[in-house]
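Peer 1: pasting the structure only:
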Ligand code: MN
């Protein structure tokens, strides 16, 4: 899906050193953009948009970026010095993510041959600071990447920002469908949907469960049969499950119907995420957990109990990490395991965990579930891969949104013979005592969007683009330091709002 997007590269210059200089700047920029595209490290194509030499040209370039749906962000670079006031009007207009690439055409100084002309032409060290001052003075968030354009480390930082910018574009028309309302009386998973659309682009709509039931009842036997056959092909299962007429078979059959119905409705409405509420499940004969598991791995965001913010974040997480190796999922903090410095949190849900994070082939099983609808219920059972990752959530603090990110380490779980659900077991960084305390002090949810592949840098880029607060809990977190950060942020965001 990154193929549909492009990032624009705009080079700042001016006419002080004559047209010849600009011709060289232009040629160098073109070579650099080609080099970036040929590196094979960038998920989104970079399109060179030429040099901008005046306020009019800057403004025209940025307005065009705003109006082009394919353009998900702009990279700027100053080859020579670029008078910073000429960026003011363009930066005022720009509403796409901005990356300032502090690089240079030549890698090393040509010590023996460099003369004043060469130095004047290659003065990014000077021009990028002038530009940077203007962006800072205008309080515009952007990512600053420093490094030679042929250097893999610099390219990888651009790649991270590109994935985030693409996910940001994806969320600007994100429809989240809610089947049923919020679970009664919950707070942290609720929030201001109007503000969420203004700030993050999320549009949250209610969808009557009756509408979903129309789709459910309309699913044909032939379609259901084909999907059930896919299940048996794709997942380990007991051979007894394949016997038509048994209760277990019927539950798998009806789960397939639920999956087809949900997918059709989501496709027809253009929704990218959805929530369910186990108190409001219409004519379903069981919680559609298997459907939610499978739809998540296709990229539909999911949030349980009406949690639309997490549903949206799960979609964003999936979108950012497309093609990456280890996967992502909706998860819920369920049960603690106190075990000294290996103390951990069992991450599970009733059923709804994405099979992308499974350590081995998921197993299709049918067991009784008494929550919501008391019934035998189909589900995919697995434990997660070991390894580090990030758990993220967005909470609504009443006056703003806060992104909370915790680095976690998934460790091997013991068998849970009486709990046949998907699960993960993780140690929050720096350890359970500090990690969980900091998360609770920050007001974090019990639901998270988890990814093995996304590092804190992705989330930092995302929070900058969204313009929302971010707090990180990692190996360096201390409770006293974290409390100070929360208090400082409280003042900063209040003042920031007052000054706008
Ligand atoms: Mn829950």
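Peer 2: On my side now, so go ahead. Source: prediction; values computed, not measured. Residues are numbered from 1 along each chain as shown.

Peer 1: Now stretch 285-294: buried residues?
Peer 2: 285-294 (16 or more other Cβ atoms under 10 Å). Heads up, the C-betas are built off the backbone N, CA and C, glycines and all.

Peer 1: Take the residues you listed and write them to JSON lines, including pLDDT, distance to the ion and secondary structure.
Peer 2: Putting those into JSON lines (pLDDT from 0 to 100; distance: Cβ to the ion, whole Å; DSSP: H, G, I helix; E, B strand; the rest coil) gives the following:
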{"residue": "285", "pLDDT": "96", "distance to the ion": "21", "secondary structure": "coil"}
{"residue": "286", "pLDDT": "97", "distance to the ion": "17", "secondary structure": "coil"}
{"residue": "287", "pLDDT": "96", "distance to the ion": "12", "secondary structure": "coil"}
{"residue": "288", "pLDDT": "97", "distance to the ion": "15", "secondary structure": "coil"}
{"residue": "289", "pLDDT": "97", "distance to the ion": "12", "secondary structure": "helix"}
{"residue": "290", "pLDDT": "98", "distance to the ion": "17", "secondary structure": "helix"}
{"residue": "291", "pLDDT": "98", "distance to the ion": "17", "secondary structure": "helix"}
{"residue": "292", "pLDDT": "98", "distance to the ion": "12", "secondary structure": "helix"}
{"residue": "293", "pLDDT": "98", "distance to the ion": "14", "secondary structure": "helix"}
{"residue": "294", "pLDDT": "98", "distance to the ion": "19", "secondary structure": "helix"}
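
Peer 1: Mind putting those into JSON lines with distance to residue 24?
Peer 2: Formatted as JSON lines, the buried residues of stretch 285-294 follow (distance: Cβ to Cβ, whole Å):
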{"residue": "285", "distance to residue 24": "71"}
{"residue": "286", "distance to residue 24": "68"}
{"residue": "287", "distance to residue 24": "65"}
{"residue": "288", "distance to residue 24": "62"}
{"residue": "289", "distance to residue 24": "62"}
{"residue": "290", "distance to residue 24": "61"}
{"residue": "291", "distance to residue 24": "59"}
{"residue": "292", "distance to residue 24": "57"}
{"residue": "293", "distance to residue 24": "56"}
{"residue": "294", "distance to residue 24": "55"}
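
Peer 1: The nearest residue to residue 207 once chain neighbours are set aside: what secondary structure?
Peer 2: Among residues not flanking residue 207 along the chain, residue 177 sits closest, at 4.6 Å (Cβ to Cβ, 6 or more residues apart in numbering). Of the three states, residue 177 takes strand under DSSP: H, G, I helix; E, B strand; the rest coil.

Peer 1: tell me the contacts of residue 177?
Peer 2: Going by Cβ atoms under 8 Å, 6 or more residues apart in numbering, residue 177 touches 205, 207, 265-266, 269, 271, 273-275.

Peer 1: Kindly report the same for residue 359.
Peer 2: By Cβ under 8 Å, 6+ apart, the neighbours of residue 359 are 382-386.

Peer 1: Look up how far the ion lies from residue 218.
Peer 2: Using Cβ to the ion, to the nearest Å, residue 218 is found at 30 Å from the ion.

Peer 1: how about the nearest residue to residue 24, chain neighbours excluded?
Peer 2: Closest to residue 24 by Cβ to Cβ, 6+ apart is residue 121, at 6.2 Å.

Peer 1: swap that for residue 277, sorry
Peer 2: Leaving aside its sequence neighbours, residue 277 sits nearest to residue 180 (Cβ to Cβ, 6+ apart; 3.3 Å).

Peer 1: How many residues are close by that neighbour?
Peer 2: Counted with other Cβ atoms under 10 Å, the neighbours of residue 180 add up to 20.

Peer 1: Phi, psi for it please.
Peer 2: When read as degrees, to the nearest 10, the backbone of residue 180 gives phi 90, psi 160.

Peer 1: Return the residues in contact with it.
Peer 2: 209, 275-277, 279-281, 306.

Peer 1: Kindly recompute the last result at 6 Å.
Peer 2: Listed by Cβ atoms under 6 Å, 6 or more residues apart in numbering, the contact set of residue 180 reads 209, 277, 280.

Peer 1: quick one: which of those is nearest the ion?
Peer 2: residue 277 (10.2 Å; Cβ to the ion).

Peer 1: That closest one and residue 306 touch, don't they?
Peer 2: Yes - with contact defined as Cβ atoms under 6 Å, residue 277 reaches residue 306; the gap is 5.0 Å.

Peer 1: on that earlier part again, and the contacts of residue 359, which of them are buried?
Peer 2: Buried among the contacts of residue 359 (16+ other Cβ under 10 Å): 382-385.

Peer 1: and residue 480, that's in a strand?
Peer 2: No - secondary structure assignment (three-state DSSP) places residue 480 in helix, not in a strand.

Peer 1: Next, count neighbours for it.
Peer 2: 7.

Peer 1: Residue 148 too?
Peer 2: Neighbours of residue 148 (other Cβ under 10 Å): 15.

Peer 1: from memory it sits against residue 107, does it?
Peer 2: Yes - Residue 148 lies in contact with residue 107 (Cβ under 6 Å); the separation is 4.9 Å.

Peer 1: Among the buried ones among the contacts of residue 359, which one lies nearest to the ion?
Peer 2: Closest approach to the ion among those (Cβ to the ion): residue 384, at 17.3 Å.

Peer 1: Quick check: bridge partners of the closest one?
Peer 2: residue 358 (DSSP bridges).

Peer 1: before we move on, what about residue 11?
Peer 2: Residues in beta-bridge contact with residue 11 (DSSP bridges): residue 51, residue 77.

Peer 1: hang on, it packs against residue 50?
Peer 2: No - with contact defined as Cβ under 6 Å, residue 11 does not reach residue 50; the gap is 7.3 Å.

Peer 1: if we can go back for a sec, out of the contacts of residue 177, the closest to the ion would be?
Peer 2: For the contacts of residue 177, the nearest to the ion is residue 275 (10.4 Å; Cβ to the ion).

Peer 1: was I right about the closest one contacting residue 309?
Peer 2: No - with contact defined as Cβ under 6 Å, residue 275 and residue 309 do not form a contacting pair (9.6 Å).

Peer 1: which stretches of the stretch 101-250 of the chain form strands?
Peer 2: Here the stretch 101-250 of the chain has its strands, by DSSP state E, counting those that start in this stretch, at 143-146, 175-179, 203-207, 236-237.

Peer 1: Just put these in JSON lines and tack on mean pLDDT and distance to residue 68.
Peer 2: As requested, the strands of the stretch 101-250 of the chain are exported to JSON lines (pLDDT from 0 to 100; distance: least, Cβ to Cβ, whole Å):
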{"stretch": "strand 143-146", "mean pLDDT": "98", "distance to residue 68": "20"}
{"stretch": "strand 175-179", "mean pLDDT": "98", "distance to residue 68": "22"}
{"stretch": "strand 203-207", "mean pLDDT": "97", "distance to residue 68": "22"}
{"stretch": "strand 236-237", "mean pLDDT": "98", "distance to residue 68": "47"}
